[in-house]
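Novice: predicted model and sequence below, questions to follow.
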Amino acid sequence: MPGNTDNLRKAAAARTAEAAARAGNALVAMIKEGEPVTFRGLAAKSGVSLDFLYRNDGIRQRVEHHRSARPEQKKPSENQAREDQPSSVVRTLTAQLADLKRRHREETAALRQALEQAHGENLALRRRLTAANLASPSQTRTRRP
């Protein structure tokens, strides 16, 4: 099968040329649509692998050229400034929530401390009552005949 290798080479070259054409067309489409030019974006749009794009010098140079020649970012307009306001509202509400949580923790700790103190006083009173009952058993007990 010595003649088969030539056919394999031709088929591989055709596949490579087709993939390069797909990548080139996808690159032109990305530029026309104003999409950011990236290797990953081009690979997804053209259906070729990242490895193919990096190994193909012509496509790689074009992608790098268009990637570095991005149009400058527009300055924030009034609409974008208004879009920032919800984030400041979120920050304000988050700060208020954190303050409420802190106060709740402090109040809970104070209430627990007061409860522990009340339990201690209750225990002390019960012990005194038990001691008083043991000291005068005749007053609390009645004898049965």
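Specialist: Thanks, I have it. Residues are numbered from 1 along each chain as shown.
Novice: so where is the chain shaky, pLDDT-wise?
Specialist: Applying pLDDT under 70 to the chain flags residues 1-3, 70-86, 137-145.
Novice: give me the distance between stretch 95-112 and the centre of its chain.
Specialist: Computed by Cα atoms, centre = their mean, to the nearest Å, the chain-centroid distance of stretch 95-112 equals 27 Å.
Novice: list the buried residues of it.
Specialist: Within stretch 95-112, no residue is scored as buried using 16 or more other Cβ atoms under 10 Å. Backbone N, C-alpha and C define where each C-beta goes, glycine included.
Novice: tell me where the longest helix sits in the protein.
Specialist: Longest among the helix segments of the chain by residue count, using DSSP state H, is helix 78-135.
Novice: tell me which other helices or strands that helix touches.
Specialist: Applying 3 or more Cβ pairs under 8 Å, 6 or more residues apart in numbering; DSSP states H and E, one finds that helix 78-135 contacts no other helix or strand.
Novice: so Ser46 sits against Ala26, correct?
Specialist: Yes - if you go by Cβ atoms under 8 Å, Ser46 and Ala26 touch, sitting 3.6 Å apart.
Novice: please look at Arg60 and Leu53 and confirm they touch.
Specialist: Yes - judged on Cβ under 8 Å, Arg60 makes contact with Leu53 at a distance of 6.4 Å.
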